[in-house]
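**Q** sharing a model prediction with you, sequence too.
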Amino acid sequence: MSTRPDLTGKVVAITGGGRGIGAATAAALADAGARVAIGDLDLDVAEATTARIGRGTVAVRLDVTDPKSFASFLDEVEEKVGPLDVLVNNAGVMPLATLLDEDDAVTSKILELNVRALITSAREAARRMAPRGAGHIVNIASTAGKAGIPGGATYCASKAAVIAFSEAIEQELAPHGVSVSVVMPGIVQTELSTGIPDLPGFKSVTPQSVADAVADAVASPRLEVFVPRSAGPLIRYTRLMPRAAGLWLGRKMGVDKVFLEAHADPSRAAYEERATRDA
């Protein structure tokens, strides 16, 4: 970004903020003047992140799959930091497998964390924002939600659900003064994307790039936020193609193999184990 947004005094809660995109977003928003609270299942990691960021950032243990835990999280945020202005729904997992190989427990976990928990979190935040006539909900999705990719069918489906959900609640919440953004990164250089290579014409981006895009969207609300920006026109163009032409282009870019090969990459094993541990 050429200039840093001014978010002075904004109270922001970020789910899954201990690592990766969430941690980078917490730092970017705190640098812009926001008062930030990080929620994460791993409190030790969240506290280490807040210590590194400073600027009054607080850490709270949060299990986003438990509605009571999320309500308690927001209660604590509002008690310690102030009335909620912005929720960044960042928590999510990305186990990869083919439809035939994916265990049902893993399917359930992806949908539970990436979809149901996000909906529950948005609802709880909106119920606090709407009576005040202001607020902003930022949902982290993925460009994978715009294009089904072999080897990640359930993950793609979960992010497609987040995009459609965001489009719907944007219209529902606008009369209450609450804005909605859905952030759609491509391949982000975090543990979640271990083993996933860059694609021709579609290079990976840093967590900082996503964080800067979130900060910009909070300062100037809009629904669709692609990271990089060039991903938006590319996806729109390919979706207008005849199906056969789109598949041909995807094969030329290597999209049809990118998740399948990543799943088989031994370097990804540690993330897959942690992402599916509870399942």
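**A** Good, I have the coordinates. Computed from a predicted model, the values in this text were never measured in an experiment.
**Q** what about the longest helix in the protein?
**A** Under DSSP state H, the helix in the chain containing the largest number of residues is helix 153-173.
**Q** please identify the buried residues of that helix?
**A** Buried residues in helix 153-173, counted by 16 or more other CB atoms under 10 Å: 153-163, 165-166, 169-170, 173. Every C-beta, even on glycine, is put in place using the N, C-alpha and C of the backbone.
**Q** tell me the first helix or strand C-terminal of it.
**A** strand 178-185 (DSSP states H and E).
**Q** so which of the buried residues of helix 153-173 is the closest to S193?
**A** Y155 (11.5 Å; CB to CB).
**Q** which residue sits closest to the closest one, ignoring its sequence neighbours?
**A** Spatial nearest neighbour of Y155, excluding adjacent residues (CB to CB, 6 or more residues apart in numbering): M94 at 5.3 Å.
**Q** looking at this structure, which residue reaches furthest from the middle?
**A** A244 (30.4 Å; CA atoms, centre = their mean).
**Q** tell me which element that one falls in.
**A** With DSSP H and E as the criterion, A244 is inside helix 243-253.
**Q** can you tell me what sits against the helix or strand R52 falls within?
**A** Using DSSP H and E, R52 maps to helix 43-53. With contact meaning CB atoms under 8 Å, 6 or more residues apart in numbering, helix 43-53 is reached by 17-19, 23, 26-27, 30, 36, 38-40, 57-61.
**Q** who wins for most neighbours among those residues?
**A** Counting by other CB atoms under 10 Å, G17 has the largest number of neighbours within the contacts of helix 43-53, with 33 neighbours.
**Q** now stretch 143-155: mean pLDDT?
**A** Mean pLDDT, stretch 143-155: 95.
**Q** residues contacting that stretch, please?
**A** Applying CB under 8 Å, 6+ apart, the contact partners of stretch 143-155 are 94-99, 102, 106-107, 110-111, 114, 142, 156-163, 184-186, 226, 231, 235, 238-239, 250, 255-260, 262-263.
**Q** and it, which residues are buried?
**A** Here stretch 143-155 shows 143-147, 149-155 as buried, counting by 16+ other CB under 10 Å.
**Q** format these as CSV; extra columns: distance to A134.
**A** Shown next, in CSV, are the buried residues of stretch 143-155 (distance: CB to CB, whole Å):
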residue, distance to A134
T143, 30
A144, 32
G145, 28
K146, 30
A147, 34
I149, 37
P150, 43
G151, 41
G152, 36
A153, 38
T154, 35
Y155, 33
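**Q** out of those, who's nearest E78?
**A** Nearest to E78 among these, with distances taken as CB to CB, is G145, at 30.6 Å.
**Q** look up how far P207 lies from the closest one.
**A** 19 Å (CB to CB, to the nearest Å).
**Q** and G18, by the same measure?
**A** Using CB to CB, one obtains 12 Å as the distance from G18 to P207.
**Q** list the contacts for S181?
**A** Residues in contact with S181 (CB under 8 Å, 6+ apart) are 136-139, 166, 214, 217-218, 221-225.
**Q** hmm, try it at 7 Å
**A** Contact analysis of S181 by CB atoms under 7 Å, 6 or more residues apart in numbering lists 138, 217, 221-223, 225.
**Q** ditto for G20
**A** Contact analysis of G20 by CB under 7 Å, 6+ apart lists 190-192, 207.
**Q** quick check: closest non-adjacent residue to V77.
**A** Distances taken as CB to CB, 6+ apart put A37 closest to V77, at 4.3 Å, once the chain neighbours are dropped.
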